[in-house]
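A.B. asks: Generate a structure from the sequence data that follows.
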Amino acid sequence: MLHLTSLLPLISVFPFLLTQSLAYNAPPSSSLGEFLIQRAVQQQLYYSAQMRNEPMVDWLKRFKGHEHLDSKTRREGNCGFPGTYSATFDQLRTTPFTSYLTALGTEPDSSIKVKVIKPQRRFSARELANPYINKDPIVELYDQPIITKNILTQLCNTADALVETWAFHLGEVHKTDLERVKNDRTKNKGLPTSEMIEFAEMVKGGETAYSWFTGDEPMPLYDFDCRALDRFNTLLALSLFYSEVTALTPETAFDVEYLKGEPNKEEDAWGYLDEEIVRRRKKRRESFEETFVTGDDVTKGGKARDAALVFLQEFCDTWVPKLVKGDNRSKIGKESFRAKPGMKEVLPKDAGCDASAVFEALWEFQDEAAYNVLGGGELVFPRLMGERIREIRANVAVTSRSTVLEVVAPELRQARLKFTDYVEEDDDGLGTYARFKRQAELDGDEEKEVYSHKDIIAEMGMG
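C.D. replies: From the prediction side, this is the model:
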């Protein structure tokens, strides 16, 4: 069973973790909307800090008590590194997310007093010695207006951009996960083709589907958002997979690929060894196989199902808290060292992780069974479990994408209509990046009209 004492510090910041630990129930779909608004607020805090608009940063993070969403390491007048804006789930305190939008839209306008100390010029030694020159710093006070409908408009603009980019990422996850599952299940894998090698080099150079979609100008927190979405979907996939294993019966246990009726047996290539050594090895094997399940297929099926549940409970006890916390480190650059698959990275025990670490933990079992689970563990194969969880995650990504587009996006539109100066007739229906691309195409066409190919050649003196 799970050790709930190890999860108590996280339950306060991730409420569904309590039910997730006991029965692995999936978190509600609305929590994805709340996480999107949380990241929209953090993205807006980043932008305001980048513009050195400290009064706006201070007001936005204090609204409804969200000081914890700001970077913990930034200095006044500077934005923090993207990884310092915590991507831990369920940090939006005003829930559901529609309540936060309503609270912001109905908040009355106000003003705050701002004290500014102007930078002093450097005095010369002669001026410093002059007692009649005022050397005190110049302090100015002014009122900063807080117009909430404008703040909500900015927040909705950021949230709409997140909807667009998150939907693209979830579509890519669905496609790449299915491709990975298909490749893993192929017994005879082909050699890398020239197209695959060329694509790998392009990815190494930064030419990816994401760079094409964002025009190499992603939002500052986008990489961490994508990794957080992968963690969210992996938690959902673990929940659904646990339910799938629970629903198995002794009669249907071996209908799935990750449970087998017989343990894997290695070939005995001991002919070149001394008889005494062979005898000892056989004795050790017999001792090892004493705990193996015996009986008919129904008996073995029941034991295999129970062993799979025990393995999953122990596995999730280790990895669910790490997935909830996440890894706040930046994505490793192409010239940086990165441990190869199967190589362990030395990290603190309470460190968070990305979804890829969970799948690698299952992948490293390879053809080995879960021998650490007595009484049926030899019939459970974690690597095949990982393939099934990835397949489920591909379907979960479709559901999450629908939630973002069909649940969150309409609520953002309703908030605009109710509380801002948004006019629906003026909306072109394009997303932020789609609008940028269209404008770039229009600018390119205008440039082609002004500067034809012949004009450019003539201007270069080559005509």
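A.B. asks: what's the neighbour count on Val324?
C.D. replies: 23 (other CB atoms under 10 Å). Yep, even glycine has a C-beta here, placed from its N, CA and C like the rest.
A.B. asks: before we move on, what about Gly377?
C.D. replies: Neighbours of Gly377 (other CB under 10 Å): 24.
A.B. asks: So it sits against Tyr371, correct?
C.D. replies: Yes - between Gly377 and Tyr371 there is a contact under CB atoms under 8 Å: 5.4 Å.
A.B. asks: In contact with Arg52: list those residues for me.
C.D. replies: Taking CB atoms under 8 Å, 6 or more residues apart in numbering, we find Arg52 in contact with 77-78.
A.B. asks: Likewise for Asp225?
C.D. replies: 39, 87, 162, 165-166, 169, 219.
A.B. asks: can you tell me which two in these are farthest apart?
C.D. replies: Ala87 and Thr165 (14.6 Å; CB to CB).
A.B. asks: circling back: mind checking which of the contacts of Asp225 land in helices?
C.D. replies: 39, 162, 165-166, 169 (DSSP state H).
A.B. asks: Restricted to buried residues, select the residues you listed in PyMOL.
C.D. replies: A single PyMOL command is used to select the members of those judged buried by 16 or more other CB atoms under 10 Å:
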select buried, resi 39+162+165+166+169
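A.B. asks: what's near enough to touch the closest residue to Leu248 other than its chain neighbours?
C.D. replies: Of all residues not flanking Leu248 in the chain, Arg305 sits nearest, at 4.9 Å (CB to CB, 6 or more residues apart in numbering). Neighbouring residues of Arg305 by CB under 8 Å, 6+ apart: 245, 248-250, 253, 259, 376.
A.B. asks: Lys282 versus Arg305, what's the distance?
C.D. replies: 31 Å (CB to CB, to the nearest Å).
A.B. asks: still on that earlier bit, highest neighbour count among the contacts of Arg305?
C.D. replies: Going by other CB under 10 Å, Gly376 tops these with 27 neighbours.
A.B. asks: and Glu34, what element?
C.D. replies: If you go by DSSP states H and E, Glu34 is part of helix 30-50.
A.B. asks: Next: Lys113.
C.D. replies: Assigned by DSSP H and E, Lys113 belongs to strand 110-117.
A.B. asks: That strand: partners in the sheet, and parallel or antiparallel?
C.D. replies: strand 139-146 (antiparallel) (DSSP bridges).
A.B. asks: centre of the chain versus the strand it pairs with, how much separation?
C.D. replies: From the chain centre to the centre of strand 139-146 is a distance of 39 Å (CA atoms, centre = their mean, to the nearest Å).
A.B. asks: returning to what we had before: give me the buried positions along the helix holding Glu34.
C.D. replies: So, applying 16+ other CB under 10 Å, buried residues of helix 30-50: 30-49.
A.B. asks: before we move on, what about stretch 56-65?
C.D. replies: 56-61, 63.
A.B. asks: Break down the stretch 351-463 of the chain into its helices, ranges please.
C.D. replies: Under the criterion DSSP state H, counting those that start in this stretch, the stretch 351-463 of the chain contains helices at 355-363, 382-403, 409-419, 432-450, 453-459.
A.B. asks: make that the stretch 1-150 of the chain, sorry
C.D. replies: 8-11, 16-23, 30-50, 54-62, 97-106, 125-128, 148-185.
A.B. asks: How about the stretch 151-300 of the chain?
C.D. replies: Under DSSP H, counting those that start in this stretch, the stretch 151-300 of the chain gives helices at 194-204, 209-214, 222-246, 275-288, 297-325.
A.B. asks: got the contact list for the shortest one?
C.D. replies: Okay, so that is helix 209-214. Contacts of helix 209-214 (CB under 8 Å, 6+ apart): 165, 168-169, 172, 218, 222, 226, 433.
A.B. asks: Spatially central, which residue of the protein would that be?
C.D. replies: Ala228 (1.7 Å; CA atoms, centre = their mean).
A.B. asks: OK, contacts around it?
C.D. replies: Here Ala228 is in contact with 35, 39, 87, 89, 326 (CB under 8 Å, 6+ apart).
A.B. asks: ok so, going back, so how far is Phe241 from the residue nearest to Leu248?
C.D. replies: Distance from Arg305 to Phe241, by CB to CB: 13 Å.
A.B. asks: Check His169 too.
C.D. replies: Counting by CB to CB, the gap from His169 to Phe241 is 22 Å.
A.B. asks: Between the helices of the stretch 151-300 of the chain, which one is closest to Phe419.
C.D. replies: helix 222-246 (25.0 Å).
A.B. asks: That closest one to helix 148-185, inter-axis angle?
C.D. replies: Orientation of helix 222-246 against helix 148-185 (axes from the mean of the first three to the mean of the last three CA atoms, to 10 degrees) gives an angle of 60 degrees.
A.B. asks: May I see the buried residues of helix 222-246?
C.D. replies: Using 16+ other CB under 10 Å as the test for burial, helix 222-246 gives 222, 224-242, 245.
A.B. asks: Quick check: mean pLDDT of the strand holding Lys113?
C.D. replies: Averaging pLDDT along strand 110-117 yields 87.
A.B. asks: Contacts for that strand, please.
C.D. replies: Counting by CB under 8 Å, 6+ apart, 55, 58-59, 137-146 sit against strand 110-117.
A.B. asks: Please pick the buried ones from these.
C.D. replies: Counted by 16+ other CB under 10 Å, those give 55, 58-59, 146 as buried.
A.B. asks: from the residues you listed, which is closest to Phe123?
C.D. replies: Phe123 lies nearest to Pro55 out of the buried ones among the contacts of strand 110-117, by CB to CB, at 30.0 Å.
A.B. asks: Contacts only, for that closest one.
C.D. replies: Pro55 neighbours (CB under 8 Å, 6+ apart): 112, 114, 144.
A.B. asks: now, which of the residues you listed sits nearest Pro131?
C.D. replies: Nearest member of those to Pro131, counting by CB to CB, is Val114, at 32.0 Å.
A.B. asks: Give me the neighbour count for that closest one.
C.D. replies: Here the count is done by other CB under 10 Å, and Val114 has 13 residues near it.
A.B. asks: how near is it to Ala308?
C.D. replies: Separation of Val114 from Ala308 (CB to CB) stands at 61 Å.
A.B. asks: check contacts around the nearest residue to Arg74 once chain neighbours are set aside.
C.D. replies: Spatial nearest neighbour of Arg74, excluding adjacent residues (CB to CB, 6+ apart): Gly80 at 3.4 Å. Gly80 is in contact with 46, 49, 70-74, counting by CB under 8 Å, 6+ apart.
A.B. asks: Kindly supply the PyMOL command isolating those of these that are buried.
C.D. replies: Filtering these down to the buried ones (16+ other CB under 10 Å) takes a single PyMOL command:
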select buried, resi 46+49+70+71+74
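A.B. asks: What is the nearest of the contacts of Gly80 to Ala103?
C.D. replies: Looking across these and measuring by CB to CB, the closest to Ala103 is Asp70, at 18.6 Å.
A.B. asks: Perfect, I'm done here.
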